[in-house]
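Asks: starting from these lines, generate the structure:
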Amino acid sequence: MTILLVEDDPNIRELLTRLLERDDYRVMTATSGEEAESLAQTDSVDLLVCDVCLPGVSGPVLARRLAASQPTLRTLLMSGDPSLDDLIDEGLDAEFLGKPFTTGTFIQNVRSLLAR
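Replies: A predicted model of the protein is given here:
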């Protein structure tokens, strides 16, 4: 399974990458929505793990754009602001994970989404 991780905080990005790779997922990383869109054009993605607030294109906008070309894409949006959960519209197949979260909760969410 291939996961596209989009996170602008280098410490969080590195930690989540290590967790995902430890579970044998193939991980592509990006620091912005634009970079993520470019990566997704070159490879199929099973799961988008994305911060809601990114420089440039926001996480929900990125998720909608990628889902248009990859209809089976699942999405996990993350944010430190729980009120941003309201940004996820009904038409977007996405789950929301509030920061901070435990590594166990993160991996459980990833596994659950990929098992769908």
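Asks: what ranges in the protein fall below the confidence cut-off?
Replies: Along the chain, segments meeting pLDDT under 70 span 82-92.
Asks: what about the helices in it?
Replies: Ranges of helices in the chain, per DSSP state H, are 10-22, 33-42, 59-69, 103-115.
Asks: most tightly surrounded among these?
Replies: Across the helices of the chain, averaging neighbours per residue (mean count of other Cβ atoms under 10 Å) puts helix 59-69 on top, at a mean of 19. Using the backbone N, CA and C atoms, a C-beta is placed for each residue, glycine as well.
Asks: quote the end-to-end distance of stretch 95-114.
Replies: 12 Å (Cα to Cα, to the nearest Å).
Asks: how far off centre is it?
Replies: Here stretch 95-114 is found 10 Å from its chain centre; the criterion is Cα atoms, centre = their mean, to the nearest Å.
Asks: residues in contact with it?
Replies: Applying Cβ atoms under 8 Å, 6 or more residues apart in numbering, the contact partners of stretch 95-114 are 1, 3, 15-16, 19-20, 23, 25, 46-47, 49, 74-80, 82, 84-85, 88.
Asks: mind redoing it with 10 Å?
Replies: By Cβ atoms under 10 Å, 6 or more residues apart in numbering, the residues outside stretch 95-114 that reach it are 1, 3, 9, 12, 15-16, 18-20, 22-23, 25, 46-49, 51-52, 59-60, 74-88, 93-94.
Asks: buried subset of those?
Replies: Buried by 16 or more other Cβ atoms under 10 Å: 3, 12, 16, 19-20, 25, 46-49, 51-52, 59-60, 74-79, 84, 87-88, 94, out of the contacts of stretch 95-114.
Asks: list the contacts of the closest residue in space to Thr31 that isn't next to it in sequence.
Replies: Computed as Cβ to Cβ, 6 or more residues apart in numbering, the closest residue to Thr31 that is not its neighbour in sequence is Asp8, at 5.1 Å. With contact set as Cβ under 10 Å, 6+ apart, Asp8 has these partners: Ala30, Thr31, Ser32, Gly33, Glu35, Asp51, Cys53, Leu54, Pro55, Gly56.
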